[in-house]
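> generate coordinates for the sequence data below:
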Amino acid sequence: MNKKLIRNIFFSLILLVTACSYEPIFSNKDYGFSLGNTSFFGDKEINRNIKNRLSFINKKTSLEKNESLIPNKKSFDLRINTIKEKKIISKDSKGDPLKFELVVLTNLKVFNKGKIILEREIEKSYIYNNVSDKFKLEEDEGIISENISENISETIISLILNLNDN
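Now for the predicted structure:
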């Protein structure tokens, strides 16, 4: 009985591990467009995170064997200007901050063949509590900035995909 149970668990584990078809979301997806010249202005940290997220599109495009075989493959140029602002939302009775809001404002211009085809302002924000440990607060703000940057990148990809469908 004990050997059967162990054998069944062993085969179940093997089945679960081999049946999993994990696939990264951005690495294998063909978006149907490529990004040409992308220029960034403003906050360096936010821009670096957005650039890293958007680089998946160009990596996929460069891995394709023959780009001319893909019909209607458009190339878009981007101009991205970001502004990051940290605001105090609430204070305690002593005047010390209790809550902060991190706001990232992104001005996006999408060009195709030198003409502006989309101009959009994207604003993302996040409210978080103050922490007495300033190192921990700075670390949390870095994580929040990275998450907001990822969200902005997904919005940019979505906007371009909607353009490409038209």
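
> C-alpha from now on. contacts and neighbour counts both.
Fine.

> okay, now the unreliable bits of the protein?
Across the chain, the ranges flagged by pLDDT under 70 are 1, 15-31, 58-72, 164-166.

> buried residues in the top helix by length along it?
The single longest helix within the chain, with elements called by DSSP state H, is helix 134-165. Buried residues in helix 134-165, defined by neighbour count with 16 or more other C-alpha atoms under 10 Å: 140-141, 144-146, 148-150, 152-153, 156-157, 160, 164.

> in those residues, find the pair that's most separated.
Maximum pairwise distance among the buried residues of helix 134-165 (C-alpha to C-alpha): 36.1 Å, between Asp140 and Asn164.

> what residue lies at the spatial centre of this structure?
Glu150 (2.3 Å; C-alpha atoms, centre = their mean).

> I figured that residue hits Arg48, correct?
No. Between Glu150 and Arg48 there is no contact under C-alpha atoms under 8 Å: 10.7 Å.

> now the longest helix of the chain, how far from the centre of its chain.
Distance of helix 134-165 from the chain centroid (C-alpha atoms, centre = their mean, to the nearest Å) equals 5 Å.

> what does stretch 115-127 give?
Relative to the centre of its chain, stretch 115-127 is centred 14 Å away, using C-alpha atoms, centre = their mean.

> all further residue positions should be reported with the first residue as 38.
Happy to do that; since the first residue is 38 now, the last one works out to stretch 152-164.
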